[in-house]
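Participant: Need coordinates for the following:
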Amino acid sequence: MKNFRVVTVGMALATALLTGGTAMAGDRYNDSQDIRRDEVAIRCLRADIERDRCRLNDDIRAGRRRQAARDADDLARDQRALNARVRDVRHDRDDLYRDNYRRW
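Facilitator: So this is what the prediction gives:
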């Protein structure tokens, strides 16, 4: 009975150790996918910001103050979202870098 418990605990530990490496690899894969997804969102936000700037400039030139104010609010909201995404990608990359070199 005692030997059975020792063998069972040993098998459980071996399984945990062997699956730990693959779990870390899966985390790296998910992190890199997350970064790619965020980079796509960043490109879309940058394009949206460019459209907002053009629209804002057109409204200012045409003298449409209310529409220009709405465009400025939209531009500011998109810029805040872009800054948050860029910050998130930077943190994800730092974490991924640290995880890759912490392993060894």
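
Participant: any chance you could map the helices in the chain?
Facilitator: 2-62, 65-102 (DSSP state H).

Participant: hey, least reliable of these by pLDDT?
Facilitator: Lowest mean pLDDT within those: helix 2-62, at a mean of 76.

Participant: and L75, what is it in contact with?
Facilitator: L75 is in contact with I49, D52, R53, L56, counting by CB atoms under 8 Å, 6 or more residues apart in numbering. Heads up, the C-betas are built off the backbone N, CA and C, glycines and all.

Participant: What count of nearby residues applies to A81?
Facilitator: Here the number of neighbours of A81 (other CB atoms under 10 Å) works out to 15.

Participant: From E39, how far out is the nearest residue to L56 once chain neighbours are set aside?
Facilitator: Closest residue in space to L56, ignoring its immediate chain neighbours: D71 at 4.1 Å, by CB to CB, 6 or more residues apart in numbering. Using CB to CB, to the nearest Å, D71 is found at 26 Å from E39.

Participant: of those two, who's got more company?
Facilitator: Applying other CB under 10 Å to D71 and E39 shows that D71 carries more neighbours, namely 21 against 13.

Participant: Thank you kindly, that will do.
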